[in-house]
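Colleague: Okay, sequence plus prediction incoming.
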Amino acid sequence: MDPQKIFDSLERFGRQLPGVVEGLAGEDARWKPSPRDWSVLEVVSHLADEEELDFRRRLRWVLDQNEGPWPPIDPEGWAVERRYNEGDLSAATERFRTQRAKSVAWLRSLGEVNWDLAYQHPEFGPIRAGDLLGSWCCHDQLHLRQITKRLYQLAARDAGEYTVLYAGPW
């Protein structure tokens, strides 16, 4: 594993995400093609919560070799309880950006790390610090893909009766 490349990727995504969603109108940021899908606003709000309450916190937990269960998370429940889709996209984006900057600063301050330190997950077995770090970076890309798909769907919706097949296959 090359942790510096992962740190760089995390930092880069912290700068890129605001540009991806910038200028998206409120109703478009809240738009969902179906009730089970997440809107762009919900995805960005999720990323902000995950940044503060999941990846950084749990990686620190593993590196500090804490005992007992991980701090609990409930990403699906948070979306409902915290009413993500009623929030403000700019505020959610800024919260993510700020939390990501804190995360990257913390990661870069760590020095030598034993990435093999592990948490014994009751369902998945051992999850190493390196597994968490790699997953953190991939989590960004999964949600970037989700946001991109939603933006594609918005463009297709706005095309109305005209087909978007010329753009190429999704």
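Modeller: Received the coordinates, thanks.
Colleague: Correct me if wrong: residue 132 contacts residue 63.
Modeller: No - in this structure, residue 132 is not within contact of residue 63 by C-beta atoms under 8 Å, at 9.3 Å. Heads up, the C-betas are built off the backbone N, CA and C, glycines and all.
Colleague: Of the two, which one has the most company?
Modeller: residue 132 (22 against 15; other C-beta atoms under 10 Å).
Colleague: Wasn't that one part of a helix?
Modeller: Yes - checked against DSSP: H, G, I helix; E, B strand; the rest coil, residue 132 lies within a helix.
Colleague: in what helix or strand does the residue nearest to it when sequence neighbours are not counted lie?
Modeller: Excluding its sequence neighbours, the residue lying closest to residue 132 (C-beta to C-beta, 6 or more residues apart in numbering) is residue 59, at 4.7 Å. Counting by DSSP states H and E, the element that carries residue 59 is helix 56-63.
Colleague: what's the answer for residue 120, then?
Modeller: For residue 120, the host element (DSSP H and E) is strand 118-121.
Colleague: could you point out which element follows that strand?
Modeller: Following strand 118-121 in sequence, per DSSP H and E, is strand 125-128.
Colleague: elements contacting that next one?
Modeller: Judged by 3 or more C-beta pairs under 8 Å, 6 or more residues apart in numbering; DSSP states H and E, the packing partners of strand 125-128 are strand 118-121.
Colleague: Tell me who's in contact with the residue nearest to the spatial centre of the chain.
Modeller: By C-alpha atoms, centre = their mean, the chain has its centre lying nearest to residue 47, at 3.4 Å. Residue 47 makes contacts with 17, 96, 140, 143, as judged by C-beta atoms under 8 Å, 6 or more residues apart in numbering.
Colleague: swap the cut-off to 6 Å and go again
Modeller: For residue 47, the contacting residues are 96, 143, by C-beta atoms under 6 Å, 6 or more residues apart in numbering.
Colleague: Please apply the same query to residue 99.
Modeller: Residues near residue 99 by C-beta under 6 Å, 6+ apart: 48, 51-52.
Colleague: Helices along this protein, start to end?
Modeller: For the chain, the helices defined by DSSP state H cover 3-21, 26-30, 40-50, 56-63, 75-81, 89-108, 129-158.
Colleague: still on that earlier bit, wait, the residue nearest to residue 132 touches residue 130, no?
Modeller: No - using C-beta atoms under 6 Å, residue 59 is not in contact with residue 130, being 9.7 Å away.
Colleague: Looking at the two, which has the bigger crowd around it?
Modeller: Higher neighbour count among residue 59 and residue 130: residue 59, with 25 against 19, using other C-beta under 10 Å.
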